[in-house]
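K.L.:
Give me the fold of what follows.
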Amino acid sequence: MRIREATADDWPAIWPFFRTIVAAGETYTYPQDLDEAAGRGLWMQESPGRTLVAVDEDGTVLGSAKMGPNHMGRGAHIANASFMVDPDSGRKGVGRALGEHVLRLARQDGYRAMQFNAVVETNTRAVALWKSLGFDIVGTLHEGFEHPEHGFVGLHIMYRLL
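P.N.:
Okay, the predicted model is just below:
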């Protein structure tokens, strides 16, 4: 697997799994009926943000990440990132590879820490991955997310120094 900067030509490969993940309503606070143009606007970052893709040896997009400053101005030294892995590529280390890559890039870009603002507590695989990469849960917004199966569940704020 190779991780590289995404180009506009990658969006048609990202959109199908992006749409599936968002429509499921289990892990992102995005509207479930988000259309393609709005999805592209949310995911394909402009500088100083970045969008990345993980691709296999054939160039097939396996997953994607976006990263950039969590806040503007005097809070811009803290990075934020989001990740999506094509469900057909799950459990192959794509999320971990993207996470490790984003942490390296954030350090190289001069960020001092990374914060995830909304990790759904029932997304136990993601919570475990981020903990294994050094993130701590620094707070939980109880009942901050309406899960389609579990009802109102918490949203973790996760953080780590770089």
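K.L.:
for the one residue sitting closest to the centre of the chain, what are its contacts?
P.N.:
The residue lying closest to the centre of the chain (C-alpha atoms, centre = their mean) is residue 82, at 1.6 Å. For residue 82, the contacting residues are 28, 43, 65, 66, 67, by C-beta atoms under 8 Å, 6 or more residues apart in numbering. Using the backbone N, CA and C atoms, a C-beta is placed for each residue, glycine as well.
K.L.:
mind running it again at 10 Å?
P.N.:
Applying C-beta atoms under 10 Å, 6 or more residues apart in numbering, we find residue 82 in contact with 27-28, 30, 42-43, 45, 51, 64-68, 102, 116-119.
K.L.:
which of the residues you listed are buried?
P.N.:
27-28, 30, 43, 45, 51, 64-68, 102, 116, 118-119 (16 or more other C-beta atoms under 10 Å).
K.L.:
the strands in this structure, which residues?
P.N.:
Using DSSP state E, the strands of the chain run over 2-5, 50-55, 61-69, 78-85, 113-120, 136-147, 151-161.
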